[in-house]
Structures are given as C-alpha cells and as structure tokens.
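Participant: Provide a 3D model corresponding to the input given below.
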Amino acid sequence: ATWFEHWINYLVRVKSKAKALNPDGIKVLIRDTSLKAKYECLPPLLGVQRLSDLHIKVVLHIAELRNGFVHYKFISTDIDDLGEKRAQWEIDCGKAEKAVKYLQNYTRKFIFKEQKKRVRKVVKIS
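Facilitator: Here you go, the predicted model:
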C-alpha cells in the first residue's frame, strides 16, 4: 500500500513539474489530496492517460486493508487457523502484484515514454 502511495506521488511530482506548477503547490497537492482523488482524477489533469478502473479499485482496497491494520481496526487471526481468510489474502496479494506490474508499465509508457528503447538504439550505434 505504501508503494502505491509513493508511486502516485511520484507521478504527481514529475507531471506537475513538467507543467511548471509551483513546488509549494505540488507539496499541498500531494499532502492534501486523498489517494482516491489522486488515482482517479490527477493523471488526466496532469496530461497523462487515465488509470485503469480495475487497478484503481485494487490500490484502494489494499490501502484500506493497510489503514485498517495501522489504525488498530484489524481483527487479529490465528495464523495456524486462517480458514477462508488465507484464500482471500492470496487473491488480494495476486491482484496487488498485477496492479504493481500495470503501474510499472504505465510508468515506462507515460512517464519515461519508452526511453529504454531509445537508449538501447543509441548504445548500439556507439
């Protein structure tokens, strides 16, 4: 969940600088905007493609689970007797991993704009 927050904050920082937004305003935007608003609204406002609704839902669900744990709303479970919870945890972890891969691909495509391919061409020429 923390990775998801850092990822969206990085996107906001990079794209806000590209739009010449005030550095103090960027800090306010990052600190005072909810995670949901950052994922759902900010990418198009910052000039990049909207994020997948499916992955936004996963990010928000994982953040909700983390917040429940951090803020002592988590109901402890005997690790030796997980029952159906184990299957749900495995599903959530699998979805989180897919969301991370999606966001990494998004970064490559919309933030770095496939620079890796361009670098490889330059290196081959040299």
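Participant: Stretch 37-48 spans what distance, first to last residue?
Facilitator: Terminal residues of stretch 37-48 are spaced 15 Å apart (CA to CA, to the nearest Å).
Participant: After the longest helix seen in the chain, which helix or strand is next?
Facilitator: In the chain, assigned by DSSP state H, the helix with the most residues is helix 84-106. Heading C-terminal from helix 84-106, the first helix or strand you meet, by DSSP states H and E, is helix 115-125.
Participant: what's the burial count for Leu60?
Facilitator: By the other CB atoms under 10 Å criterion, the neighbourhood of Leu60 contains 17 residues. C-betas here are computed from N, CA, C, even on glycine.
Participant: Wait, it touches Leu35, no?
Facilitator: Yes - assessed by CB atoms under 8 Å, Leu60 is found in contact with Leu35 at 6.7 Å.
Participant: Does Thr77 touch Lys85 like I think?
Facilitator: Yes - judged on CB under 8 Å, Thr77 makes contact with Lys85 at a distance of 5.9 Å.
Participant: quick one, what contacts Pro43?
Facilitator: Taking CB atoms under 8 Å, 6 or more residues apart in numbering, we find Pro43 in contact with Leu11, Lys15, Gln49, Arg50, Leu51.
Participant: Flag every buried residue along stretch 84-102.
Facilitator: Lys95, Ala96, Ala99, Val100, Tyr102 (16 or more other CB atoms under 10 Å).
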